[in-house]
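Chemist: Just the structure for this:
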Amino acid sequence: MVGIGGGGMGRIQRWLIGGEGYGLVEQKAAAMGKEARLSGGYGFFTLGYTVAEPAGVSLALLGGIGGGSLGLSLVRDSTMGFGELLANPAGAVELRTGGWLLQAGVVAEAVFARGLLLTVRAGWILPLGWSGFEIGDRAVAGAPKATLGGAYVRVGIGGSSPRRWMRDGD
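Modeler: Okay, the predicted model is just below:
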């Protein structure tokens, strides 16, 4: 899935401290009067350490701890009215799952044109404590286990403080 969001970091000497959050672009599938929608989001508290700064580029190792969730909506008929759903709640159901997330990665960032910041990050997200989909706080027998995890690549565009680009000689 594609995530859209943002974050920020502060730098104290070689240490990076920050946070980030992302919403996942909803995915839909429909057939024969039935529809499924998958959505979710996640966030991290991040901590990093700059290991090298060759030719105006900063390279850092980064780790994070956070959490996330996924929601799966199943609707029997997308034209069903509110009154029909109240009378027959089986016409639609919202399943949820979620848990803790750890991340590890590397980030490269460069400052251009008086503070324009370009970052590229690659790493791995590890889900912890996720179970199958649930309705409320009850497990759904036979529900698939879905998590937010695996390899990622992120590209970011942002800004940097004047102190940083003046120090870097821009």
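
Chemist: Which element, helix or strand, includes the closest residue to Leu61 other than its chain neighbours?
Modeler: Once flanking residues are discounted, Leu61 sits nearest to Tyr49: 5.5 Å by Cβ to Cβ, 6 or more residues apart in numbering. Where you see a C-beta, it was placed from the backbone N, CA and C, and this is true even at glycine. In this assignment (DSSP states H and E), Tyr49 forms part of strand 34-52.

Chemist: how far out from the middle of the chain is that strand?
Modeler: Strand 34-52 sits 2 Å away from the centroid of its parent chain (Cα atoms, centre = their mean, to the nearest Å).

Chemist: about what we covered before: hang on, isn't the residue nearest to Leu61 packed against Trp15?
Modeler: Yes - Tyr49 is in contact with Trp15 according to Cβ atoms under 8 Å; the separation is 6.1 Å.

Chemist: what's the spatially most distant residue from the centre of the chain sitting at in phi/psi?
Modeler: In the chain, counting by Cα atoms, centre = their mean, Ala87 sits farthest out from the average C-alpha position, at 36.3 Å. Dihedral pair for Ala87: phi -70, psi -30, per degrees, to the nearest 10.
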